[in-house]
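>>> this one's structure only:
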């Protein structure tokens, strides 16, 4: 959770690329819930456990899709550098 808050905080204070990278890493952690099925098959979990595991994976998928869309939008809006380094 702290990783997600850190990424969102950086994203909102104009460190968009770093914030999106951290949010992307946080989103991929949503897939770690599926590792429950390496210990026991789906049938051995209760119905509610299966629901929460799959909801966590779905939330990670949606967050990762949003991060990808935001990063594409940010890269298309940023002006070209053209090698200028500033004063």
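Happy to help now that I have it. As the structure is a prediction and not an experimental result, all values here were calculated from the model. Numbers count the residues shown, from 1 in each chain.
>>> from here on, contacts and neighbour counts on C-alpha atoms
Fine.
>>> Count the residues that sit near residue 2.
For residue 2, the neighbour count with other C-alpha atoms under 10 Å is 8.
>>> gap between residue 25 and residue 41?
Residue 25 is 27 Å from residue 41, where distance means C-alpha to C-alpha, to the nearest Å.
>>> more crowded one of the two?
Legend: neighbour count by other C-alpha under 10 Å for residue 25 and residue 41, higher for residue 25 (17 against 9).
>>> Which neighbouring elements make contact with the longest helix seen in the chain?
Ordering each helix of the chain by length in residues (DSSP state H) puts helix 47-77 first. Counting contacts by 3 or more C-alpha pairs under 8 Å, 6 or more residues apart in numbering; DSSP states H and E, helix 47-77 is packed against helix 16-28.
>>> how far does whichever helix or strand comes after the helix it packs on sit from the chain's center?
Using DSSP states H and E, the helix or strand that follows helix 16-28 in sequence is helix 36-39. Its chain's C-alpha centre and that of helix 36-39 lie 22 Å apart, by C-alpha atoms, centre = their mean, to the nearest Å.
>>> try stretch 55-72
The answer for stretch 55-72 is 5 Å, by C-alpha atoms, centre = their mean.
>>> and stretch 23-32, how far apart are its ends?
15 Å.
>>> For that stretch, report the contacting residues that lie outside it.
The contact list for stretch 23-32, computed with C-alpha atoms under 8 Å, 6 or more residues apart in numbering, reads 3-4, 7-8, 56-61, 63-64, 67.
>>> so how far is that stretch from its chain's centroid?
When C-alpha coordinates are averaged (C-alpha atoms, centre = their mean), stretch 23-32 and its chain have centres 5 Å apart.
>>> What residues sit buried inside that stretch?
The neighbour-count check on stretch 23-32 (16 or more other C-alpha atoms under 10 Å) flags 23-27, 30-31 as buried.
>>> pLDDT of it, averaged?
Averaging pLDDT along stretch 23-32 gives 94.
>>> Also stretch 36-53?
Stretch 36-53 shows an average pLDDT of 95 in the prediction.
>>> For it, what is the spacing between the initial and final residues?
End-to-end for stretch 36-53, by C-alpha to C-alpha: 8 Å.
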